[in-house]
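Participant: Here is my input, please return the structure:
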Amino acid sequence: MPINVFVSVGRTFNPQQELFVSSVENYLTEAGLRPRTVGRNDFTHKQPLQLIDELMCRSAGALILALERVAIDQGKERGGPPAGVRIENELLSTPWNQIEAAFAYARRLPILVVREQGVRAEGLLEGRYDWFVHSTPLDPAFLTSNDFIGTFRSWQREVKKRAGFFACRR
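Facilitator: The predicted model follows:
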């Protein structure tokens, strides 16, 4: 029986993103895991946070796929007079990646993060927490790399240990 894993990924906006996400979903399925994603294979009439909570409750791990959602050509961070930090060519993912990663962390789920190369490494998408963050171009061949396979197998072992032990509030 497949093990549920929550996959945090925004709506895809181009064929390259869709191919990568579909490849990840297939990879998970072949590994005996069932991807659960709001708006992709799980839908609700409720508010999204309620469905996220329900899916996380029934999941043994979380995979965060941080894809480009916003491209900033020029702007300011911490703007306003007199200073502000100038930013150029910044890519941001959906804020839902941060929200869903926080949910997973609060539930103590094993977390694996794959960030599209160039997407800003900030918040829970940085590699300085209890999980590994891959930064990669959106190429399905990445899923066959030794780096990914090694960290995936390590994460998968933790997911399997967690399977069946759900502490849900209802």
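Participant: Quick check: V24 touching I64?
Facilitator: No: assessed by C-beta atoms under 8 Å, V24 is found out of contact with I64, at 11.0 Å. Every residue, glycine included, has its C-beta placed from N, CA and C.
Participant: and for these two, which residues touch both?
Facilitator: Common contacts of V24 and I64 (C-beta atoms under 8 Å, 6 or more residues apart in numbering): V114.
Participant: Name the residue in the two with the higher neighbour count.
Facilitator: Using other C-beta atoms under 10 Å as the criterion, V24 and I64 rank with I64 on top: 24 against 19.
Participant: Reduced to three states, what does the more buried one come out as?
Facilitator: Under the three-state scheme (DSSP: H, G, I helix; E, B strand; the rest coil), I64 adopts strand.
Participant: So which residues make contact with stretch 93-101?
Facilitator: Here stretch 93-101 has contacts from 6, 8-10, 38, 48-49, 52, 56, 62, 64-69, 111, 113, 115-116, 119-120, 123-125, using C-beta under 8 Å, 6+ apart.
Participant: 6 Å instead, please
Facilitator: For stretch 93-101, contacts defined as C-beta atoms under 6 Å, 6 or more residues apart in numbering pick out S8, G10, I64, A66, L67, R69, V119, G123, L124.
Participant: If you rank those residues by neighbours, which is first?
Facilitator: Neighbour counts for those peak at A66, which has 29 neighbours (criterion: other C-beta under 10 Å).
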